[in-house]
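>>> next input, structure requested:
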Amino acid sequence: MAFTLAACAEMIWQDKPIEWRCAKLRDMGFQVGLWNWPAHDLDKLERSGATFSIMNGYLQGRLADDEGAGMLLASARETAAVGRRLGVARLNLHGTGLGDGGRPVLAEVATPRKWLKARDTLNRICDLAEELDVVFTLENLNLPVEHAGVPFARAEETLTLVAAVDRPRLRLNLDLYHAQIGEGNLIELCRACLPWIGEIQVADVPGRCEPGTGEINYAGIARALAAMGYDGPVAMEAFASGDVEAALEAFRSAFTA
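Next up, the predicted model:
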């Protein structure tokens, strides 16, 4: 197995400065995932020497209405400039803006008309991505535990949208932690999503800690992904159940032959 491994810097070593965490992950051989860039000193992030796998690709906006789409496009343009400065590989999107605790800024039901609008907005995102030479991803979330009310949240829905757009500048950020809570059947989900996956994110269930702390057989999933021919990025977006370095090594072990 030859996956590119990354870890979310915001979720580990939380008592350390973010640039320290990025440099530490670099030294351990991991790429780095980030959340919202305004919380950080960009000069320090650049000096960390880290390779950035993914970060949030917008600060505000929504997929399924005119006002929200305009906000999303403007925010994505601003964020893409930051992403290019840091060399971020992928810029991440959701169906709507997320507030405190992952709650949606606007909870809504995805009606047929909103599905069409979401597809149109994502095509406009692809136009922007081509203009700026970046790649966006659309992430699935879980509704039962953390993100109730977010539209287009299930992996089945994000897959439908990305496949409908079917342009190389829009990929799936397939989060298996969220999918296990909301949908399950993870290996077959990976198989269905495979042509459109840009990154896979992992954490165990319950608890959102590193692989090996819960119910998901990540070593089995890793073998299945390798058998399917997937060799792209896999990122641990998880808390450490104890020692952070031990948690990262458990993650590495699950995704290394």
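>>> okay, now the residue nearest to L186 when sequence neighbours are not counted: neighbour count?
Closest residue in space to L186, ignoring its immediate chain neighbours: L176 at 5.4 Å, by CB to CB, 6 or more residues apart in numbering. For every residue, glycine as well, the C-beta is placed using N, CA and C. Neighbours of L176 under the rule other CB atoms under 10 Å: 26.
>>> could you do the one 10 residues further on as well?
Number of residues near L186 (other CB under 10 Å) recorded here: 21.
>>> that older thread, if I look at the residue nearest to L186, how far off is G212?
14 Å (CB to CB, to the nearest Å).
>>> and if you look at Q180?
For Q180, the distance to G212 - CB to CB - is 14 Å.
>>> which one's more surrounded, the two?
Set Q180 next to G212 and count neighbours by other CB under 10 Å: Q180 wins out with 22 against 16.
>>> confirm that the more buried one sits in a helix.
Yes - Q180: assigned to a helix according to DSSP: H, G, I helix; E, B strand; the rest coil.
>>> need the contact list for it.
L186, V205, E215, I216 (CB atoms under 8 Å, 6 or more residues apart in numbering).
>>> what sits against the residue nearest in space to the middle of the chain?
Central residue of the chain (CA atoms, centre = their mean): N173, 4.6 Å from the mean position. N173 is in contact with I54, R90, N92, T137, L138, E139, N140, G198, E199, I200, Q201, counting by CB under 8 Å, 6+ apart.
>>> before we move on, what about A224?
I187, C190, R191.
>>> in which helix or strand does it reside?
helix 218-228 (DSSP states H and E).
>>> any low-confidence regions in the protein?
1 (pLDDT under 70).
>>> next, the angle from whichever strand or helix holds C193 to helix 218-228.
Assigned by DSSP H and E, C193 belongs to helix 186-193. Helix 186-193 runs at 30 degrees relative to helix 218-228, counting by axes from the mean of the first three to the mean of the last three CA atoms, to 10 degrees.
>>> just checking, next helix/strand downstream of the helix holding A224?
strand 233-236.
>>> quick one: residues in contact with that next one.
Contacts of strand 233-236 (CB under 8 Å, 6+ apart): 3-8, 31, 33, 53-54, 89, 198-203, 210-211, 222, 225, 247-248, 251, 255.
>>> give me the subset of those that lies in strands.
4-8, 31, 33, 53-54, 198-202 (DSSP state E).
>>> most neighbours of all the residues you listed, which one?
Counting by other CB under 10 Å, top hit in the ones in strands among the contacts of strand 233-236: A7 with 30 neighbours.
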